[in-house]
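> with the sequence up front, the predicted model follows.
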Amino acid sequence: MTAEKVSLFLQVQRGLFLVILIVLGLLFFAALVRAVKGPRVVDRLVAVNMVGTMVMVMIAVLSLYLQEEYLLDICLIYAMASFLAVIVLSKVYIGIYEEQHLEKENRMSRGGSTGLKSLTEADGRKEDGAV
C-alpha cells in the first residue's frame, strides 16, 4: 500500500470514530432522559445500565481515536464500577419491594385493603393494574 492510501484510510477511520462518538452521545442523552423520566423503577435501572455501557463504549472508541492505550484500563475500571452500581441499585429496589409486599400482606391479613395502593405507587403502576 502506498503512503497516500494509508493516509486516506486513517482519515476515514478517524471520521468514522467521530460519527460513532456523536451517535453514542445522542443515545446517551436519550437513555439519560429515560433514567430520569421513568415511568417505573425497572425502566430507570435499565436506563442507568445502558448509560454505563454507552459511556464504556465511548471511552473505548475515544481510546482508539486518540491512540491512547491507558484509556482502555480506565474503561475496564469503569465497567466494574458500573456493574457494581447496577447490582447495588437492584438489591435496594428488591429490598424495598419485598418490604412493601410484606406490609401489604400484613394489612390484607388484618382485613385492610390500603396495602394495594402503596405497593402499586411504589412500583410506578396505576391502581387499575395497567403497566
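Structure received.

> contacts, neighbours, all on C-alpha from now
Fine.

> and the helix or strand harbouring residue 7, what does it pack onto?
Counting by DSSP states H and E, the element that carries residue 7 is helix 3-37. In terms of contacts (3 or more C-alpha pairs under 8 Å, 6 or more residues apart in numbering; DSSP states H and E), helix 3-37 is packed against helix 41-66.

> buried residues, the helix it packs on. List them.
Buried residues in helix 41-66, defined by neighbour count with 16 or more other C-alpha atoms under 10 Å: 41, 43-65.

> in the next helix or strand after that helix, which residues are buried?
Later in the chain than helix 41-66, the nearest helix or strand by DSSP H and E is helix 70-109. By neighbour count on 16+ other C-alpha under 10 Å, the buried set for helix 70-109 is 71-72, 75, 78-79, 82, 85-86, 90, 93, 100-101, 103-105.

> show me what helix 70-109 is packed against.
Using 3+ C-alpha pairs under 8 Å, 6+ apart: helix 70-109 touches helix 41-66, helix 115-123.

> pLDDT on that helix, on average?
The pLDDT scores in helix 70-109 average 91.

> what about that helix, distance to the chain center?
Helix 70-109 has its C-alpha centroid displaced from the chain centroid by 12 Å (C-alpha atoms, centre = their mean, to the nearest Å).

> helix 41-66 and that helix, what's the angle between them?
180 degrees (axes from the mean of the first three to the mean of the last three C-alpha atoms, to 10 degrees).

> ok, back up a step: dump the helices and strands packed on helix 70-109 to TSV, plus distance to residue 13 and mean pLDDT.
Converted to TSV, those look like this (distance: least, C-alpha to C-alpha, whole Å; pLDDT from 0 to 100):
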stretch	distance to residue 13	mean pLDDT
helix 41-66	8	92
helix 115-123	46	53
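
> can you list those in JSON lines and add distance to residue 34?
Below are these laid out as JSON lines (distance: least, C-alpha to C-alpha, whole Å):
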{"stretch": "helix 41-66", "distance to residue 34": "6"}
{"stretch": "helix 115-123", "distance to residue 34": "16"}
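
> between those, which one is closest to residue 2.
helix 41-66 (22.2 Å; C-alpha to C-alpha).

> tell me what the closest one is packed against?
Counting by 3+ C-alpha pairs under 8 Å, 6+ apart, the packing neighbours recorded for helix 41-66 are helix 3-37, helix 70-109.
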